[in-house]
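Peer 1: Pasting a predicted model and its sequence here:
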Amino acid sequence: MKLIKTMLGLLLMFTLLAVLSGCGGGGSSRGNSNGNNGSNGGSANYKYFTYIANGTNIFMYTIDYATGTLSTSAVEYPVSDGYPRAMVQHPSKPYLYITTVSSGDKTVRVLSITPTTGELTEIQTINTSGYEEIEITPDGKYLYTSGQGWITGYQVFEDGKLTQVEENYYYPNHIKVAPDGNVLYATYDYQVDSSYARYLAAYNINLDGTLTRRTKIDYTDVLSNIAVFGQFVYSTTQDEMYQFNGGATLNQNGTINTGYGAMVATRGYLYAIRAGSIYGFSIDASTGSLTETGAAYPYPATNAYIRKLSVDPDGKYLYAVDEDNKALWGYSIATSGELTKLNWNVTVPNTPFSALIAKVRQ
């Protein structure tokens, strides 16, 4: 009997340890610290929808996630009293957030996504300062906008609606939330008297969603787009791409002597545009250093201007928004990082500003 009790006690102890270890490591991390965007495989428990904001409306396509094929026609959702610009999806719930601008009025629209059809229903409009960029923390608790205004922060409630928590830090060009959800990075270029303030800043995201500047690093050239992978930050000027260690001091620890435009990082690779092509780089997980994969992927159309690159939540597809040709180009991402152009071409009536693939649980 004593042996049985001892064995039962050990079994209970091991069971308790297994449960505790499955609950995660604690700490304040709000997301995935290594920057991996998923398994690249999709799931039968989800449906995927492609949304394009073209400055007047939102276009929705259903997507066969296994092949990347889009439906032959789109469902169009007019946006009243505003022109859609930037978009982001809630990381775990069926909500889409878009920024709009019209005659000086800037807003964030909260749209619910019908899981079975992708249909959009507006549930809230709230004022904002910036409208060019929109980011959400990986835990879905806080959302930030910027561009042509201040950084504006919002708390996100269970029903997807927003309430403003802060409006601070004047006129960033670009913002990006780190994969762990604890830091927001921003690039700046604004005039102060007869000179310009140009720098990259890192802000701690506090538990209430407010921001506290951790550090900044000054530059004479204009830093533009931002990509983040784990603790490493990448930003580019017209002539160079810089790599930073995103620690407390934001140290620059790498330079590529070529300038790039729009960038995105996913699953150990960084993609950036330059001179009519998309370039791929592998990211060293320990140092953050970039190695060009050797392949350049020319734009599918001449005279293209790629405004934005985006990657779906599982890291399987890359989208390139072509402003000049009013088009969206899609690529599949192999586990090796290689891109393959998808066999479709989508054009919209007016200038597209952003596009994304939404992942919605059924």
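Peer 2: On my side now, so go ahead.

Peer 1: Return the set of buried residues in stretch 61-74.
Peer 2: Residues of stretch 61-74 classed as buried: 61-63, 65, 68, 70, 74 (neighbour count, 16 or more other Cβ atoms under 10 Å). Using the backbone N, CA and C atoms, a C-beta is placed for each residue, glycine as well.

Peer 1: Averaged pLDDT, that stretch. What do you get?
Peer 2: Stretch 61-74 shows a mean pLDDT of 95.

Peer 1: cool, stretch 175-183 as well?
Peer 2: Stretch 175-183 comes out at a mean pLDDT of 96.

Peer 1: so where do the strands sit in the stretch 101-250 of the chain?
Peer 2: 105-113, 120-127, 133-136, 142-146, 151-156, 162-168, 172-177, 183-192, 195-205, 211-218, 226-229, 232-236, 241-245 (DSSP state E, counting those that start in this stretch).

Peer 1: Contacts for the fourth one next, please.
Peer 2: Okay, so that is strand 142-146. 86, 88, 97, 99, 108, 128-137, 151-156, 162, 165, 172, 174-175, 177, 184, 186, 205, 209 (Cβ atoms under 8 Å, 6 or more residues apart in numbering).

Peer 1: how about 6 Å then?
Peer 2: Contact partners of strand 142-146, identified using Cβ atoms under 6 Å, 6 or more residues apart in numbering, comprise 99, 128, 130, 133-136, 151-154, 156, 172, 175, 209.

Peer 1: Emit the ChimeraX select command for whichever of those are buried.
Peer 2: Typed into ChimeraX, the line below selects the buried ones among the contacts of strand 142-146, using 16+ other Cβ under 10 Å:
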select :99,128,130,133,134,135,136,151,152,153,154,156,172,175,209
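
Peer 1: what's the most distant pair in the contacts of strand 142-146?
Peer 2: The two members of the contacts of strand 142-146 with the most space between them (Cβ to Cβ) are 156 and 172, at 20.5 Å.

Peer 1: Go through stretch 157-174 and flag the buried ones.
Peer 2: 160, 162, 164-167, 169, 171-174.

Peer 1: if we can go back for a sec, inside strands: which ones of the buried residues of stretch 61-74?
Peer 2: 61-63, 70 (DSSP state E).

Peer 1: can you redo the residues you listed as a markdown table with distance to residue 222?
Peer 2: Below are those laid out as a markdown table (distance: Cβ to Cβ, whole Å):
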| residue | distance to residue 222 |
| --- | --- |
| 61 | 35 |
| 62 | 39 |
| 63 | 36 |
| 70 | 35 |
